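>>> kindly return the folded structure for what I paste below:
(chains A and B, ligands or ions: 3)
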Amino acid sequence: MENHAVLVDLSKCIGCRGCQVACKQWQDLPGLKTQNTGSYQNPPRRNAKTYMLIEFHELEKANQVQWVFAKRQCMHCNEPACASACTVGALIKREDGPVVYDTEKCIGCRYCMYACPFGVPMFEWDKEFSLVSKCNFCVDRLDSGEQPSCTKTCPPGALKYGTREAMLDVAYNRIYTNPGKYIKHVYGEREVGGTSWLYISSVPFEDLGFPKLPERSDVELSHTVMHLTPTIAGGMALALSGLYWVINRRRQAEKLAAESTKESHDAK
Amino acid sequence: MLSKIWKEAFRQPLWFYPFVALAIFGTGVGLYRLVVGLGPTTNLNDGYPWGIWIGFDLFMVAFSGGAFTLATIVYIFQIEELHKAMRLTVLTGLLGYLSVLAILAFDLGRWDRAYHFVIYPNINSALFEVSWCIAIYSTILITEFSPVLFHKLGWDRALAFVKRITIPLVIAGASLSTLHQSSLGSMFLVMSHRLHPLWYSPFVSLLFFVSAIAAGMATIVCATTLSFVTFKRSLDQRIIAELSSYLPWALGFYWVLRLGELLGAGEFALIWSSGNYSLLFLGEVVLFGVAPMVLFSMRSIRMNRWASFLSGQVVLFGVLLNRFNTTWLGFLPVEGYQYTPSWMEVAIQAGVLAATVVVYSLAAHYLPLFEDEHHQAQPVMAKS
Ligand code: SF4
Ligand code: SF4
Ligand code: SF4
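Ligands and ions are numbered 1, 2, ... in the order given. Down below sits the predicted model:
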């Protein structure tokens, strides 16, 4: 099965935000009123109408200020916590990689927003009837053999689209053929069970606000417990029925005994 | 009939009317929220998409745990003396769950689609399981409470039928409660990245279940006392003392589990080294642990209505703090976001709680909540 993935090479990103615009265009998302916040990062944070954001990080390296730009969007996890959490199954992991969202099912409970380890789903706070939203990997484009809108646009080729295996190869190739340039870590290869979006960078990911996450996703534990609970409840029902039966019998017996002693007493 | 109701409406105790006012006001704000959406009315945001409503929901469910706890004690373990508290506790539980459902309606972004959890199941989701259990369990609670109404209406056949299925109902109710009380905790299993380790635990489901039993016992103690004070109708204090003597055990078990997990995970030192989180945690240790365990171990306290009422309150505040910590205060911060509830959130919450109190008070007034009073003179409504 084709396994769509994207490799983001942060060292190649020039912060032009072409992808951000391309995403809005393809996804038909309205622009937002801009505000000067003292940074080129705009809007200041992702939101329901901005599936992806180029973050502008100012880092100090050897007494020099260095700008690092980081494209952030849904990671399309292999074991998506959002999909496991969703009450109504509105979020689904497709076999070919993308985690897609069904606006017709969602009830707006916002559980996915807390479940996602990357804080991806955002809520439409400005609507009367609101849903969440997130990057859908441009599945409509993928399905017709195209690549995502953002990766297609990227002028310096910082976004590379392909299969996950191929992208991992490219990532390690770049890391090992450019000694000293990259951190030896492909972010997303192992984090929470692996993601379809992969990152390489010349600065540590912690400095860019990428969460430090374990390899095991919480989803495993959660599924184990969730699949266990019905058994426990069934066991509870059985145990209580059994207890009731035993206690009831004992009480009946006690009653009988009491009556018979009373009778024998009366007979005397 | 109408004029009768009208007359009755002015014969309630004085404290009743402010609650009615608050309920009406809260409902008004709630309707406004439904019309304009969550953004303009709440302080919820993308970093804190859940607020006090969810905290209260989780608290109310634990609070209502009294219903299944008592039902199990009375019908399965057949401790008959406690039977008298049944109706009152079932009513408390029922109203608790109804208030949760009401608040949920305000909380959902698409409340008009609330039924989707029935037609689009996701069996991996803890919230899905919780919704199902709460829906079914509320129905069970209504059935468990129905004899009170059937009795009042004189529907003997229906009464006899419900009485016959009592035991299966109780067993089903207890099993469903086991499920959803623990699944409410399971909801947080996927949040290790966000919930502070003092609250994140692989055993959070079990912790929620046990704390619900303890909170439920406290509810029974408080509810019976309250009905004594306000309506001069309640149980013999000895019965309540008997029940509350189990509370220290439940709380003790809870803390053994919780502290044991921290110890096992090597996170014990976090208890005093986490700044404000430590304070919140220690608050729970005191309110939901040490204080009530000491208090309820004393027979003199258990035998005193007011003392055990206040001690029960301490337990409930403790569990409230725990649920707030687990859904809000115990979350790790995310850059750029903060949350404190808006006045409208508070008003809606207060309104729903006030409405619950109003219904409770009316029921306690007009329905035979204590069985031995069937043959006593019926309260006002029946007479006039
Ligand atoms: S990054 Fe978040 S929203 Fe995207 S698939 Fe993973 S859990 Fe879901
Ligand atoms: S907000 Fe929507 S997508 Fe997210 S968990 Fe709830 S129902 Fe699922
Ligand atoms: S894959 Fe599509 S939706 Fe996702 S960030 Fe790129 S353009 Fe936007």
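
>>> from here on, just use CA atoms for contacts and neighbour counts.
Noted.

>>> in the stretch 51-200 of chain A, which spans are strands?
A:53-61, A:64-72, A:91-93, A:99-101, A:122-123, A:132-133, A:159-163, A:197-200 (DSSP state E, counting those that start in this stretch).

>>> need those in CSV (columns: distance to chain B and mean pLDDT).
CSV is the format used below for the strands of the stretch 51-200 of chain A (distance: least, C-alpha to the nearest C-alpha, whole Å; pLDDT from 0 to 100):
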stretch, distance to chain B, mean pLDDT
strand A:53-61, 13, 92
strand A:64-72, 15, 93
strand A:91-93, 10, 97
strand A:99-101, 14, 98
strand A:122-123, 6, 98
strand A:132-133, 9, 97
strand A:159-163, 26, 97
strand A:197-200, 19, 98
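
>>> the longest helix along chain A near chain B anywhere?
Ranked by residue count, the top helix of chain A under DSSP state H comes out as helix A:218-267. Yes. Judged by C-alpha under 8 Å from any C-alpha of the partner chain, helix A:218-267 comes into contact with chain B through A:218-219, A:221-223, A:225-227, A:229-230, A:232-234, A:236-237, A:240-241, A:243-244, A:247-248.

>>> follow-up on the earlier one: which one of the strands of the stretch 51-200 of chain A lies closest to A:G108?
When the strands of the stretch 51-200 of chain A are ranked by proximity to A:G108, the top entry is strand A:132-133, at 6.5 Å, counting by C-alpha to C-alpha.

>>> any part of that closest one near ligand 3?
No. Strand A:132-133 stays clear of ligand 3 (C-alpha under 6 Å from any ligand atom), getting no nearer than 10.2 Å.

>>> centre of the chain versus that strand, how much separation?
13 Å (C-alpha atoms, centre = their mean, to the nearest Å).

>>> same question, stretch B:15-32
Using C-alpha atoms, centre = their mean, the offset of stretch B:15-32 from its chain centre is 20 Å.

>>> need the helices for the stretch 101-250 of chain B, in chain order.
B:116-119, B:126-153, B:156-164, B:166-186, B:204-231, B:237-244, B:247-264 (DSSP state H, counting those that start in this stretch).

>>> which among the ones you listed is found nearest to ligand 1?
Closest approach to ligand 1 among the helices of the stretch 101-250 of chain B (C-alpha to the nearest ligand atom): helix B:126-153, 15.7 Å.

>>> angle of that closest one against helix A:218-267?
Orientation check (axes from the mean of the first three to the mean of the last three C-alpha atoms, to 10 degrees): helix B:126-153 against helix A:218-267 gives 30 degrees.

>>> for helix B:126-153, packing partners?
Secondary-structure packing of helix B:126-153 (3 or more C-alpha pairs under 8 Å, 6 or more residues apart in numbering or on different chains; DSSP states H and E): helix B:86-107, helix B:116-119, helix B:156-164, helix B:166-186.

>>> try 7 Å this time
The contact analysis (3 or more C-alpha pairs under 7 Å, 6 or more residues apart in numbering or on different chains; DSSP states H and E) places helix B:126-153 against helix B:86-107, helix B:156-164, helix B:166-186.

>>> and the second one, which residues are buried?
Of the residues in helix B:156-164, B:L159, B:V162 count as buried by neighbour count, 16 or more other C-alpha atoms under 10 Å in any protein chain shown.

>>> list the contacts of it.
Here helix B:156-164 makes contact (C-alpha atoms under 7 Å, 6 or more residues apart in numbering or on different chains) with B:P147, B:F150, B:H151.

>>> make it 8 Å
B:T143, B:E144, B:S146, B:P147, B:F150, B:H151 (C-alpha atoms under 8 Å, 6 or more residues apart in numbering or on different chains).
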